[in-house]
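S.K.: Turn this into a model:
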Amino acid sequence: MHSPKLRLTGRKVVGGWGAGEAIVTNRALSFFGGVDPLSGVVIEKEHDLEGRSIKGKVLVFPRGKGSTVGSYVIYGLRRYGAAPAAIVNVETEPIIIGGCVLARIPLVDMLDKNPIEVIHTGDWVEVEGDTATVWVTSLQA
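M.R.: A predicted model of the protein is given here:
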């Protein structure tokens, strides 16, 4: 049973279910050279998430960027137990889609509200990829 404060709906990209604490950025993210696949720590220099772990979190960001090798980095995150629980994009692109398909990470985008504006780092987020529904419970005081 959900007790959300906010329900968002959008487009299903990769099905499945994932839940966790949100980690949010308004900057695009490159997985190849930007995220350590062994630890899930963002290593992209001067990125606002630099030094933060995405492991087990619901990662909310506008879109991916960079090399198509990023798809395999996302797969590596799953293989090494450092993957995010789910990904929510404003509008996703093929690098993120391919990686999430390989790693079986739920992925939704094109939500009825901009997720970067309504989801905050630290919120509890559940992503129902099959129905493209995102439930947000604010844990901020």
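
S.K.: Please verify my assumption that Gly15 contacts Ala132.
M.R.: No - counting by Cβ atoms under 8 Å, Gly15 sits too far from Ala132 to count as a contact (9.0 Å). C-beta here means a position set from N, CA and C on the backbone, and glycine is covered the same way.

S.K.: Which one's more surrounded, those two?
M.R.: Neighbours were counted for Gly15 and for Ala132 using other Cβ atoms under 10 Å; Ala132 has more, 21 against 16.

S.K.: quick one: the more buried one from Thr9, how far?
M.R.: 6 Å (Cβ to Cβ, to the nearest Å).

S.K.: Check Ala22 too.
M.R.: When distance is defined by Cβ to Cβ, Ala22 is 17 Å away from Thr9.

S.K.: quick one: low-confidence parts of the protein?
M.R.: Across the chain, the ranges flagged by pLDDT under 70 are 1-4, 140-141.

S.K.: how about the strands in it?
M.R.: 6-9, 11-14, 17-24, 58-61, 86-89, 107-109, 124-128, 133-137 (DSSP state E).

S.K.: Can you say which of those is packed in most?
M.R.: Most buried of the strands of the chain by mean neighbour count (mean count of other Cβ atoms under 10 Å) is strand 86-89; its value is a mean of 28.
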